[in-house]
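K.L.:
Kindly generate the corresponding structure for this input.
(chains A and B)
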Amino acid sequence: MMLGKKIKVVHYINQFFAGIGGEEKADVGFSLQTNPVGPGLALQQELGDKGEVVATLICGDNYFATDIEKNSEEGFRMIEKFEPDIFIAGPAFAAGRYGPSCGAMCKIVSEKLGIPAISAMNEENPGVEMYSPYAYIVKCGINSKEMRSVIKKMLKLADAILENKPDPRLVPPNDCVPSPYEYDYYTRNTIRNVITEESTAERSINLLLKKIRKEPFESDVLKPPFPWVKPSEAIKDMSKATIAFVTDGGIVPLGNPDRIPSRMCTIWREYEIDKLLPREGERQHEVSHRGYNNYEVEEDYNRLMPVDPARDFEKQGKIGRVYPTVFSTCGNVSIVKKSKIMGDEIAKVLTDQKVDAVILTSA
Amino acid sequence: MVGSNRILRGTNITYVCGDKNLPKEEEKKLNRRFLEKALEILQTPVKEQTIFTID
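P.N.:
All right, here's what the predicted structure looks like:
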């Protein structure tokens, strides 16, 4: 830690950890105390003489969530005068609104003040995916009984960041970033250049051998966190429901007029089912997807999407309505980030059009 | 698998909801069975990612 001077810490917590109240008080706005509050007491104890919690910023989870950007600004304005050396938010564990508000506060503080901003969340917390690139989010469980050990972990990481010690294996300018493995935090997806003794070929084989032997190893690329998606409610009455077909099997009209790429695709299109997949007459579709042999699906579109049985069920009243267009893209070597964007765009059309459920097929 | 909570296992990569090795009529029945199962799954509450098969 920085010698001599005491480290100034500003701490952010929600209404529950501040002792204001539970869910029923989640709408309370910002308040500030110039001393540690709630888990801030444990934080101060762990800091000992090396640091001081000079301010605790408190906000209700619902209040914050109503406008994350605006409220981050409001919160920031209240604490910037304290000139903290580090900012601690939470720990939020698995709390789904607290996590994002901790992440948002860390983001604005680190951007505006350039200081380490650290939180702690369980991998299921939506705040992890939203804010891991901007904050240092230490991994933790779901139980707040772990509070003290998690706070210790956060401070250990804070020390390492403040120390700014270059790692001799790393290449400047990103050579002082503490290792996500060593300090157990979610990767911020920054690229660090590393000088190694072995050639890439030797390194790759050695890593692979370690993996096969079930020995511990450090991957160069860490899997980005996948958020948990809340399962949607079950359909109550299928005979009244509108069902839409979506596919990443790359089904397109003959000639692929929209030029949907057969790999690394970032676009999707809607096609009228009756025109693209007519039950009678000549085939009107082909496939643009080079991740699988397209022959069988080109012979019979039902092999990719059971559209004909759906048409029958609609006639028989078993399905309320088959949505008249199919949403198609090619899911070959797709980038997760871009796929998410496409998913959001398609979902917007589906919800605007009051589609009740989707059959999404993938080759 | 990223965000899918209701997953129905298909036959094969190149004929997900069918089977090229079956005679046409049998394949049609299989295809209809896939749709039926899909609709059944949509009417089933789930708490987390769940993989189903057509039996």
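
K.L.:
where's the residue nearest in space to the middle of chain A, which helix or strand?
P.N.:
Nearest residue to the geometric centre of chain A (CA atoms, centre = their mean): A:Glu129, 2.2 Å. Per DSSP states H and E, A:Glu129 falls inside helix A:126-131.

K.L.:
thinking again about what came up before, now the residue nearest to the centre of chain A, nearest residue through space, not along the chain?
P.N.:
Spatial nearest neighbour of A:Glu129, chain neighbours left out: A:Pro227 (4.4 Å); criterion: CB to CB, 6 or more residues apart in numbering or on different chains. C-beta: built from backbone N, CA, C; applies to glycine.

K.L.:
And A:Ile88, by the same measure?
P.N.:
Counting by CB to CB, 6+ apart, the residue nearest A:Ile88 is A:His11, at 5.0 Å.

K.L.:
Then A:Glu111?
P.N.:
Nearest one to A:Glu111, counting by CB to CB, 6+ apart, is A:Tyr134 at 7.4 Å.

K.L.:
and the closest residue in space to A:Ala357 that isn't next to it in sequence, what pLDDT?
P.N.:
Counting by CB to CB, 6+ apart, B:Leu42 is the residue found nearest to A:Ala357 once chain neighbours are left out, at 4.8 Å. If you check B:Leu42, the pLDDT there is 97.

K.L.:
okay but B:Leu42 is in contact with B:Arg6, surely?
P.N.:
Yes. Using CB atoms under 8 Å, B:Leu42 makes contact with B:Arg6 at a distance of 7.0 Å.

K.L.:
hang on, the earlier thing: give me the secondary structure label for the residue nearest to A:Ile88.
P.N.:
Secondary structure state of A:His11, per DSSP: H, G, I helix; E, B strand; the rest coil, is strand.

K.L.:
how far away is it from chain B?
P.N.:
Remark: distance between A:His11 and chain B (CB to the nearest CB, to the nearest Å) = 33 Å.

K.L.:
could you list every residue that touches that residue?
P.N.:
Applying CB atoms under 8 Å, 6 or more residues apart in numbering or on different chains, we find A:His11 in contact with A:Pro36, A:Val37, A:Pro39, A:Gly40, A:Leu43, A:Val53, A:Ala55, A:Thr56, A:Leu57, A:Phe87, A:Ile88, A:Ala89.

K.L.:
Chain A contacts on chain B?
P.N.:
B:2-6, B:10, B:13-18, B:20, B:27-28, B:31-32, B:34-36, B:38-39, B:42-48 (CB under 8 Å from any CB of the partner chain).
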